[in-house]
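Peer 1: Below are the sequence and a predicted model for it; my questions follow.
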Amino acid sequence: MTASEAAAPDGTAVRVALWRALHAHIDAPPRIFADDLGLRLVAPADDWRHRPDMDPDFTRPSRVSIVVRSRFIEDLVLQESARVSLSTRRSSATSRLRRCSRWRGRPD
């Protein structure tokens, strides 16, 4: 593998990013999400919608499955990060309370 090959984004990752953008641009509401970050990161040529793997009708089933799976994973990550954050805050508050109890000469 050459250095330029290693620096190039994976073709599947590019396709997923473009399908997510295509969903945001052409699919009827309600949209699963509006995401153009991948499109901006990939920065494709202006004619990216004319790629064979961007045909709106042919790619619809695959595109929908990718978009739904992406949304599910993003929601799961947000849910778990909120849970971990709350757990961390609780353990930090408990630790502070224990230190305060010891400082005041009270048992844990």
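Peer 2: Cool, the structure landed.

Peer 1: so where do the helices sit in the protein?
Peer 2: Assigned helices in the chain, in chain order: 3-7, 11-26, 37-42, 60-103 (criterion: DSSP state H).

Peer 1: what pLDDT does residue 14 get?
Peer 2: Looking at residue 14, its pLDDT is 93.

Peer 1: For it, list the residues it contacts.
Peer 2: Applying Cβ atoms under 8 Å, 6 or more residues apart in numbering, we find residue 14 in contact with 42, 44. Where C-beta positions appear, they are placed from N, C-alpha and C, glycine not excepted.

Peer 1: Give me the phi and psi for the closest residue in space to residue 74 that isn't next to it in sequence.
Peer 2: Excluding its sequence neighbours, the residue lying closest to residue 74 (Cβ to Cβ, 6 or more residues apart in numbering) is residue 33, at 7.6 Å. With angles defined as degrees, to the nearest 10, residue 33 sits at phi -170, psi 160.

Peer 1: Residue 33 reaches residue 69, doesn't it?
Peer 2: No. Shown here, residue 33 and residue 69 do not form a contact pair, counting by Cβ atoms under 8 Å, at 11.9 Å.

Peer 1: So residue 71 sits against residue 31, correct?
Peer 2: No. Residue 71 lies out of contact with residue 31 (Cβ under 8 Å); the separation is 9.8 Å.
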